[in-house]
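Student: Whatever this is, show me its structure:
(one chain, ligands or ions: 1)
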Amino acid sequence: MTEPMTDIAAKTTPLVKVENLRKLYPVSKNIFREAHDFVHAVDDINFEIAPGESLGLVGESGCGKSTTGRMLTKLTDATSGQILLDDKGELIDIAHIQRSDMRRFRRRVQMIFQDPFESLNPRRTVYDTVAESLTVQRIGRVQEREERVAELLHRVGLTPPESFLFRYPHELSGGQRQRVAIARALVIDPTFVVADEPTSMLDVSIRISIMDLMLKLADEFNVSYLYITHDLAVARYMCDRIAVMYLGKIVEIAPTEELLANPRHPYTRALLSAVPVPDPAYKRERVDIKGGISKALNPPPVCRFIERCPRATDQCRTSDHPGFDDLGNGHLVACYNL
Ligand code: SF4
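Tutor: Residues are numbered from 1 along each chain as shown. All right, here's what the predicted structure looks like:
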């Protein structure tokens, strides 16, 4: 029997440990004045990912999940906090990494983007795209690089590789482009990959095959994913644990099946109640929430979900945003009224 991932996470040193991570964007009406207003895109979040584990980061658009992914891949700088990556026993703080360590960091951490049409350079062949990291990292000679790229194309299902090596992105379908993006991310054997909605722009008919491919490769390459998605059904398919994010905060985190069977935060319950159930005899309780997600501009210190919450009480209105309650088995919830 497979060991539950929370137990694994508890026993092993985490591969990634995020502590008090924040990203604030200054908003200024006058370019000559110092900004006093800030959008709190990501506000004091904490989580860990175990080696080989896949953590889903779920929430509506604008909740801060993509900003989190961009900070973890160093495409955006954090305002404060730490992102620790275990590199063979040595901890690298991604949030404060020195320029001289960037090459080593890129070898460990890669990203797969949402849009396979935007993320590939239209002027570069498949070979150039996939081999780029090998060249930058100075791995292998030309012939070894060619063999490695061909091997990766084979493993992502672009076969025979020779017929894809010198094609340009416009000669590929959306699914084939995303396979190239996956090959590019894995060619240098990273330990951690951030995947930002990698199937949401693909035809429904090919999404499952790309998700199955990513699951198979995660196993073969022993990589951990931070899998960003707005879709709980996708997170269920792909992830060992799920963290639910709302307006810059993680409001609930738990092993996947536990979260889906026993959601405790009102926002998670509302998200889940909107997911269709295939069995018509089964009626899931509908949880209605008011309005839509707003911009986290200078948010008051109270619970971030208070404006939309059907369960808000006086305590919620007069207290700070709640910390996590530990319900056991790795299930953490930030709410006063459980
Ligand atoms: S703390 Fe209060 S406002 Fe926030 S989610 Fe819980 S019940 Fe709703």
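Student: Could you point out which residue ranges in this structure have low pLDDT?
Tutor: Low-confidence segments of the chain (pLDDT under 70): 1-11, 31-32, 276-288, 290-294.
Student: again, 80 this time
Tutor: Within the chain, the set of residues satisfying pLDDT under 80 comprises 1-12, 28-36, 274-295.
Student: Tell me where it has helices.
Tutor: With DSSP state H as the criterion, the chain has helices at 5-11, 65-72, 102-108, 126-136, 142-155, 174-186, 204-221, 232-238, 256-261, 266-273, 314-318.
Student: on contacts alone, who are the packing partners of the fifth one?
Tutor: The reference is to helix 142-155. helix 126-136, helix 174-186 (3 or more C-beta pairs under 8 Å, 6 or more residues apart in numbering; DSSP states H and E). C-beta: built from backbone N, CA, C; applies to glycine.
Student: okay, the ones you listed, which one's buried deepest?
Tutor: Greatest average neighbour count among the helices and strands packed on helix 142-155 goes to helix 174-186 (a mean of 23), per mean count of other C-beta atoms under 10 Å.
Student: just to revisit the earlier point, for the ligand, find the nearest of the helices and strands packed on helix 142-155.
Tutor: The ligand lies closest to helix 174-186 among these, at 36.0 Å (C-beta to the nearest ligand atom).
Student: and the closest one, what other elements does it pack with?
Tutor: strand 109-112, helix 126-136, helix 142-155, helix 204-221.
Student: would you list the helices and strands packed on helix 142-155 in CSV and tack on distance to Gly56?
Tutor: Below are the helices and strands packed on helix 142-155 laid out as CSV (distance: least, C-beta to C-beta, whole Å):
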stretch, distance to Gly56
helix 126-136, 26
helix 174-186, 18
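Student: And these: which comes nearest Gly62?
Tutor: Gly62 lies closest to helix 174-186 among the helices and strands packed on helix 142-155, at 23.9 Å (C-beta to C-beta).
Student: right, so of the helices and strands packed on helix 142-155, which gets closest to Val16?
Tutor: Short answer: helix 174-186, nearest of the helices and strands packed on helix 142-155 by C-beta to C-beta, at 15.9 Å.
Student: quick one: which of the helices and strands packed on helix 142-155 is nearest Ile49?
Tutor: Using C-beta to C-beta, the nearest of the helices and strands packed on helix 142-155 to Ile49 is helix 174-186, at 16.2 Å.
Student: between the closest one and helix 204-221, how big is the angle?
Tutor: Using axes from the mean of the first three to the mean of the last three C-alpha atoms, to 10 degrees, one finds that helix 174-186 and helix 204-221 are set 20 degrees apart in direction.
Student: thinking again about what came up before, let me know which of the helices and strands packed on helix 174-186 is tucked in deepest.
Tutor: By mean neighbour count, with neighbours taken as mean count of other C-beta under 10 Å, strand 109-112 ranks first of the helices and strands packed on helix 174-186 at a mean of 24.
Student: That strand pairs with which strands, parallel or anti?
Tutor: strand 192-196 (parallel) (DSSP bridges).
Student: Can you add distance to Arg308 and give the helices and strands packed on helix 174-186 back as a markdown table?
Tutor: What follows is the helices and strands packed on helix 174-186, written out as a markdown table (distance: least, C-beta to C-beta, whole Å):
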| stretch | distance to Arg308 |
| --- | --- |
| strand 109-112 | 31 |
| helix 126-136 | 42 |
| helix 142-155 | 44 |
| helix 204-221 | 29 |
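Student: out of the ones you listed, nearest to Arg103?
Tutor: helix 126-136 (7.3 Å).
Student: For the protein, which residues are neighbours of the ligand?
Tutor: By the rule C-beta under 6 Å from any ligand atom, the part of the chain lying against the ligand is Pro266, Cys303, Phe305, Ile306, Cys309, Arg311, Ala312, Cys316, Pro322, Cys335, Tyr336, Asn337.
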